[in-house]
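Participant: When you get a sec, could you give me coordinates for this:
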Amino acid sequence: EVQLVESGGDLVQAGGSLRLSCVFSGDTFDDYAIGWFRQAPGKDREGVSCINPSDGATYYIDDVKGRFSISSDNAKNTVYLQMNSLKPEDTAVYYCNAAHRLLSYDYWGQGTQVTVSS
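Facilitator: Model (predicted):
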């Protein structure tokens, strides 16, 4: 069973930075695409960024391009989300998701709270 453990969420002032970590275990890391999603109070969960650890391909939504950077350390089965120039509207619970690249199942982490004060 795949397990995802997120960490790194915190309270930070606008303009600050945070780095989120997602540690993957329980299966072959390279078989999955790893994504970061976020859910703000009263809003739907939205995808923010994702990476394919097997080839390093990445994707970002427009709102975070140039501010967020996703990376993977395949030796540690860990994906990072470096978040710079944070805005109050980035406040949300951030979730890590692992989606099998060939089969139709995915897994979620428990989430980590990011709060950006103005």
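Participant: Any idea how far stretch 80-90 is from the middle of the chain?
Facilitator: 11 Å (CA atoms, centre = their mean, to the nearest Å).
Participant: for stretch 109-118, same thing?
Facilitator: Here the centre of mass of C-alpha atoms in stretch 109-118, compared against the chain's by CA atoms, centre = their mean, lies 11 Å away.
Participant: cool, stretch 4-16 as well?
Facilitator: Taking CA atoms, centre = their mean, one finds the center of stretch 4-16 at 11 Å from the center of the full chain.
Participant: Touching it from outside, list them.
Facilitator: Counting by CB atoms under 8 Å, 6 or more residues apart in numbering, the neighbours of stretch 4-16 from elsewhere in the structure are 18-25, 81, 85-88, 93-98, 107-118. C-beta here means a position set from N, CA and C on the backbone, and glycine is covered the same way.
Participant: Now find how far off-centre stretch 54-63 is within its chain.
Facilitator: In terms of CA atoms, centre = their mean, the gap separating the centre of stretch 54-63 from the centre of its chain is 11 Å.
Participant: next one: stretch 108-118
Facilitator: In this view, stretch 108-118 has its centroid 10 Å away from the chain centroid, taken as CA atoms, centre = their mean.
Participant: Likewise for stretch 106-118?
Facilitator: Distance of stretch 106-118 from the chain centroid (CA atoms, centre = their mean) equals 8 Å.
Participant: While we're on W36, how confident is the model there?
Facilitator: What the model reports as pLDDT for W36 is 98.
Participant: isn't it right up against A92?
Facilitator: No. The pair W36 / A92 is not scored as a contact, 10.4 Å apart, by CB atoms under 8 Å.
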